[in-house]
Each structure stands twice: as C-alpha cells, then as structure tokens.
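Novice: generate a structure from the sequence data that follows.
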Amino acid sequence: MKLSTPFMILFALTPAVLAGQSRQVPDLSGTWRTDTPDGPQTIVVRPDSSASWGDETVRWRIVADSIFIAMGDEWLVYNYALSGKKLTLSGGDLVDPIELERAGPPSPRPDGVPVPPAPAMDRRADVGT
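Specialist: Numbers count the residues shown, from 1 in each chain. Now for the predicted structure:
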C-alpha cells in the first residue's frame, strides 16, 4: 500500500463551521508514523495547513469528520478518527483503513517550500467510498 495518495494530505487547523456553529477541531499536527508493505512511512502535519512526506508537500483541511487533502486541483477526502496518539484514515481511495501513531511534534516546513494553493471546495476527486 502506498501512502502518497492518502497523504497528499492532511488538512488548516481552523474550527469547522456546521450549521452556523463553531466546533472544536482536534489537533492533528505532529509527526506521524505507520508501517506499510513498502516499509515505514513518516508524515509531518503542520498547523499552517501543510503536510509533508518524502519530498511531497500538500495542503489539508478538516471538515466535520473528514480530512481533505489537496491533490493538484482536487481534494481527496478521507474519514478520520483520532484516539490518543492513534490516527485512523479510511474511505476515499483506501481499500483498508490506515493507522498512524503520533511520534512527536511537527518539524517546520523547509524554507522555500510553499503551501500549495487550495482547490475550490467543490472540487472533489471521484474515488470510491
């Protein structure tokens, strides 16, 4: 299982607005680790709405119980559940859920690496759910 698609993720830590009311959004910022058939993966989620793994940097957003990851000019959308140091992603283009463990705080985004632009919120990738 490759993490590049699901982790073109992770989505600004601003409160979500539902039916005109603010809602507290969990803090997903941090350095997250998971094991895959391709080996261990590390994903850094920052409170500036950027996330990185390998040489990829993407923009992310939280909307209700979903995390939106900007992939080009579309958003990939996954369900998420946070429990202590465990973050589980499911849905979208994932066949099976992915579980990550928070390993520490996020590292800063490197100088010269911009946060990618956000696609329009109605631009969602057409993936199975």
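
Novice: quick one: mean pLDDT for stretch 113-127?
Specialist: Looking at stretch 113-127 alone, the average pLDDT works out to 74.

Novice: now do the strands in the protein.
Specialist: Listed in chain order, the strands of the chain (DSSP state E) span 16-18, 21-23, 30-36, 39-45, 50-53, 56-63, 66-71, 74-83, 86-90, 98-104.

Novice: so which of the ones you listed gets nearest Val113?
Specialist: Distances from Val113 to each of the strands of the chain were compared using CB to CB; the shortest belongs to strand 56-63, at 5.3 Å. Just so you know, the C-beta spots here come from the backbone N, C-alpha and C atoms, and that holds for glycine as well.

Novice: buried ones in the closest one?
Specialist: Applying a neighbour-count criterion of 16 or more other CB atoms under 10 Å, the buried positions in strand 56-63 are Thr57, Val58, Arg59, Trp60, Arg61, Ile62.

Novice: surely the last one touches Ser29?
Specialist: Looking back up the chat, that one is Ile62. No. In this structure, Ile62 is not within contact of Ser29 by CB atoms under 8 Å, at 11.2 Å.

Novice: which stretches of the chain have low pLDDT?
Specialist: Along the chain, the parts satisfying pLDDT under 70 run over 1-23, 125-129.

Novice: again, 80 this time
Specialist: Using pLDDT under 80 as the threshold, the predicted model of the chain has low-confidence ranges 1-25, 117-129.

Novice: and Asp111, how many neighbours?
Specialist: For Asp111, the neighbour count with other CB atoms under 10 Å is 5.

Novice: er, Pro117 I mean
Specialist: Applying other CB under 10 Å, we find 8 residues neighbouring Pro117.
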